[in-house]
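Engineer: Okay, sequence plus prediction incoming.
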Amino acid sequence: MNPLVSDPFVDFLLRDVLDVDALCKLPAFKSHSRETIDPWFAACRRVAREVLFPSYRAIDSEPPRFEGGRVFVHARMHDAWRELVGLGAISAVSELPLTVTTLSSAYLMAGNCAAYGFAGLTAGAAHLIEAFADEQLKATYLEKMQSGQWTGTMALTEPHAGSSLGDVTTRARPTDSGHFLISGAKIFISGGDQDLTENVVHLVLARIDGSPAGSKGISLFAVPKRRPSTSLGLNGGVTRLEDNDVQVSGVIHKIGWRGLPSLALAFGDEGNCHGWLVGAPNQGLRCMFQMMNEARIMVGVNGAATASVAFHESLAYARERKQGRAIGNPDINSPQLPLTEHADVRRMLLRQKAIVEGSLGLLGLTARYADVAMHGVDEAEKARAKLLLDLLTPIAKTFPAEKGFESNALALQIHGGYGYSSEYLPEAWLRDQKLNTIHEGTSGIQALDLLGRKVVAGGGAALMALREELEVELGRAKFDVSALRSAADRMVELTGALGARGASGDLDGMLGHSSDFLEAMSVVVVGWVWTRLANAVASRDDDFARGLRAAAQYWLRTEVTRVPALATLCESAERSYLELKESWL
């Protein structure tokens with residue numbers, strides 16, 4: 001059976017790379033140790049392998065139905081939801097180190113990304129309420145959501161605005177009763193309606209009447225599908241729920257994640273949609289962005305997990321499928337060889353391994369910086385971790401998604417003609433993977449964020465901190481890392497040149513090749529990850545260690561060597577598409 005994610009690799013990350021034992025010594029996590037973390041991983045692996053993965057094909061084949069204004073999910077989604085709730089997948093996010101939940105959730109996502117999506121979205125919405133809502137709202141919503149009685153969503157996007165949240169027009173009118181009347185339309189709301197639970201709580205971005213234009217006038221509201229009939233927070237009790245004028249106005253027919261409904265929602269068509277302010281007025285985006293690092297890390301985990309399950313599927317197929325003979329063997333009567341005996345198939349498998357495990361290592365390290373930045377006890381260490389977290393987040397979100405799509409395509413390729421059919425699963429995972437380059441900020445937006453903000457902030461302090469971290473691993477390495485050292489130095493030099501160009505007012509010259517800059521930085525950062533992984537097995541000589549060293553060698557010799565050309569392209573400010581006119585196309 002497909003393992004979804006490699007247990008030996010994850011255990012190695014936790015023990016030998018991320019040092020989870022040290023994290024558990026922080027006051028915030030003092031109630032945890034390997035005695036609690038190991039059973040948690042065992043439970044996640046069981047649910048992923050025995051419940052989520054076996055239901056994946058059926059749920060993907062029969063998307064939710066929209067009937068009579070309601071959305072009905074697949075019958076097996078109900079079983080999956082009960083298991084996820086029983087596992088504690090929602091509440092674990094606020095209890096365990098992010099380092100732990102990042103890697104444990106990879107199993108659940110690999111098993112069935114759509115099923116886990118309900119839990120992940122609910123956990124994110126509950127986290128916002130826990131962090132920013134007043135005590136009345138917490139008493140009304142938090143326990144219901146964390147226990148899985150109600151689900152949650154993020155209702156941000158509007159049909160006319162897309163990723164441009166400053167253009168949100170959903171309206172919030174104050175009332176004398178303490179709530180606001182919400183009116184407007186949202187689109188692409190994942191999990192926006194379902195028949196799993198009695199209620200859905202939407203975290204909605206809206207503009208209070210009279211607020212400033214643009215992003216400075218956006219507020220955040222809790223808007224339930226069905227509102228409590230008692231006063232909010234009255235002893236935390238909810239005795240009855242009544243309709244809150246939130247309607248499903250359309251269903252998006254997605255090519256992937258098909259078990260998780262993506263909806264168009266209408267708020268307040270009848271003028272009776274109540275919403276309650278979460279956080280301060282006009283601070284909605286600030287609230288959202290405080291949670292954005294975790295949300296983007298989770299998208300990266302989706303990317304890594306979706307690539308991982310396909311990698312393991314293609315590896316098993318390549319080991320079992322016999323086809324062709326060795327080059328130079330003319331004997332047609334000799335036995336055919338497993339696909340793994342062919343060099344080009346091994347190339348595709350090794351590239352998948354380099355992408356998948358490089359992504360998981362990157363995500364684990366990024367999550368660890370998040371844990372230290374939030375819960376560390378040394379202020380200098382916390383500040384440094386925050387610098388590195390902010391710098392790595394756009395890479396941790398984008399690399400597993402973009403390269404994960406390539407990895408998924410390789411998994412399909414290994415299956416040959418069978419891969420290009422719905423009877424085999426790689427095509428479904430390829431469809432699922434594509435969403436990860438789009439939601440929570442497209443790859444292009446991540447590139448602008450990295451180059452336009454993160455690497456130049458504080459005079460490049462985060463970049464220099466990363467360069468120092470990289471040098472530690474380069475100094476420990478017992479293999480040739482000269483290409484990686486040169487590439488890292490070249491990126492520092494390039495960042496200085498592009499930053500100066502931007503400071504002079506030439507924003508096109510600075511940002512025109514931001515996607516190429518992100519690509520080059522990602523290659524260097526994952527080179528650092530692979531160097532760290534290889535260093536951690538320097539004293540071992542088993543198959544596991546040899547596999548890691550092979551992937552590290554592959555990355556340093558075939559990918560890192562591309563960085564100088566990418567850097568030259570960025571610095572040249574080549575203008576073919578910058579000067580392109582739409583009429584020329």
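Structural biologist: Nice, thanks for sending it over. Quick caveat, the model's predicted, so the values are computed rather than measured.
Engineer: going forward, measure contacts between C-alpha atoms and count neighbours the same way
Structural biologist: Noted.
Engineer: pretty sure Phe66 is in a strand, no?
Structural biologist: Yes. Phe66 sits within a strand when classified using DSSP: H, G, I helix; E, B strand; the rest coil.
Engineer: Next up, the contacts around the residue lying closest to it once chain neighbours are set aside.
Structural biologist: Nearest residue to Phe66, sequence neighbours excluded (Cα to Cα, 6 or more residues apart in numbering): Phe72, at 6.4 Å. Neighbour list for Phe72: 64-66, 194-195 [criterion: Cα atoms under 8 Å, 6 or more residues apart in numbering].
Engineer: Let's see the ChimeraX selection covering just the buried ones among the residues you listed.
Structural biologist: Listed next is the ChimeraX selection for buried residues among those, using 16 or more other Cα atoms under 10 Å:
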select :64,66,194,195
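Engineer: Quickly list what the residue nearest to Phe66 is bridged to.
Structural biologist: Note on Phe72: beta-bridge partners by DSSP bridges are Arg65.
Engineer: mind giving me a markdown table with the contacts of Phe72 and columns for distance to Ser334 and pLDDT?
Structural biologist: Putting these into a markdown table (distance: Cα to Cα, whole Å; pLDDT from 0 to 100) gives the following:
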| residue | distance to Ser334 | pLDDT |
| --- | --- | --- |
| Pro64 | 51 | 97 |
| Arg65 | 53 | 96 |
| Phe66 | 56 | 96 |
| Gln194 | 57 | 98 |
| Asp195 | 58 | 97 |
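Engineer: Looking at the contacts of Phe72, which one is closest to Phe221?
Structural biologist: Gln194 (20.7 Å; Cα to Cα).
Engineer: Tell me if that closest one really is in a strand.
Structural biologist: No. Assessed with three-state DSSP, Gln194 is coil; it does not lie in a strand.
Engineer: Distance of it relative to Gly416?
Structural biologist: Separation of Gln194 from Gly416 (Cα to Cα, to the nearest Å) stands at 37 Å.
Engineer: Please spell out the segments of this protein that come in under the pLDDT threshold.
Structural biologist: Scanning the chain for pLDDT under 70 picks out 162, 230-239.
Engineer: quick one: the residue most central in space within it from Val17, how far?
Structural biologist: Residue closest to the average C-alpha location in the chain (Cα atoms, centre = their mean): Val299, at 1.1 Å. Computed as Cα to Cα, the Val299 to Val17 distance reads 22 Å.
Engineer: Likewise for Val525?
Structural biologist: In terms of Cα to Cα, Val525 sits 15 Å off from Val17.
Engineer: more neighbours, those two?
Structural biologist: Val525 (24 against 19; other Cα atoms under 10 Å).
Engineer: could you point out which element follows the helix or strand containing that one?
Structural biologist: Under the criterion of DSSP states H and E, Val525 resides in helix 514-536. Next along the chain after helix 514-536, taking DSSP H and E as the criterion, comes helix 543-554.
Engineer: picking up where we left off before, doesn't the residue nearest to the centre of the chain fall inside a strand?
Structural biologist: No. Assessed with three-state DSSP, Val299 is helix; it does not lie in a strand.
Engineer: which residues does it contact?
Structural biologist: With Cα under 8 Å, 6+ apart, Val299 has these contacts: 397, 401, 436, 439-440.
Engineer: Could you tell me which of these count as buried?
Structural biologist: Neighbour counting over these (16+ other Cα under 10 Å) leaves 397, 401, 436, 440 as the buried ones.
Engineer: Can you tell me the closest non-neighbouring residue to the first one?
Structural biologist: Read it as Lys397. Gly300 (4.2 Å).
Engineer: For Ala401, see how far away the one you found is.
Structural biologist: For Gly300, the distance to Ala401 equals 6 Å [Cα to Cα].
Engineer: Give the residues shared as contacts by those two.
Structural biologist: Asn436.
Engineer: still on that earlier bit, could you identify the most distant pair in the buried ones among the contacts of Val299?
Structural biologist: Going by Cα to Cα, the pair spanning the buried ones among the contacts of Val299 furthest: Ala401 and Glu440, at 11.5 Å.
Engineer: Check which helices and strands the lengthiest helix in the chain sits against.
Structural biologist: Secondary structure of the chain read by DSSP state H shows that its longest helix is helix 379-414. Here helix 379-414 touches helix 292-320, helix 343-375, helix 426-434, helix 443-449, helix 461-476, helix 514-536, going by 3 or more Cα pairs under 8 Å, 6 or more residues apart in numbering; DSSP states H and E.
Engineer: ok, and for the first one, which residues are buried?
Structural biologist: Neighbour counts using 16+ other Cα under 10 Å place 292-315, 317-318 of helix 292-320 among the buried residues.
Engineer: likewise the longest one?
Structural biologist: By neighbour count, and taking 16+ other Cα under 10 Å as the criterion, the buried residues in helix 343-375 are 345-346, 348-373, 375.
Engineer: Show me what counts as buried in stretch 277-291.
Structural biologist: By 16+ other Cα under 10 Å, the buried positions in stretch 277-291 come out as 277-279, 281-288, 291.
Engineer: now swap in stretch 242-253 and tell me
Structural biologist: 243-248, 251.
Engineer: Likewise for stretch 41-54?
Structural biologist: 41, 44-45, 47-49, 51-53.
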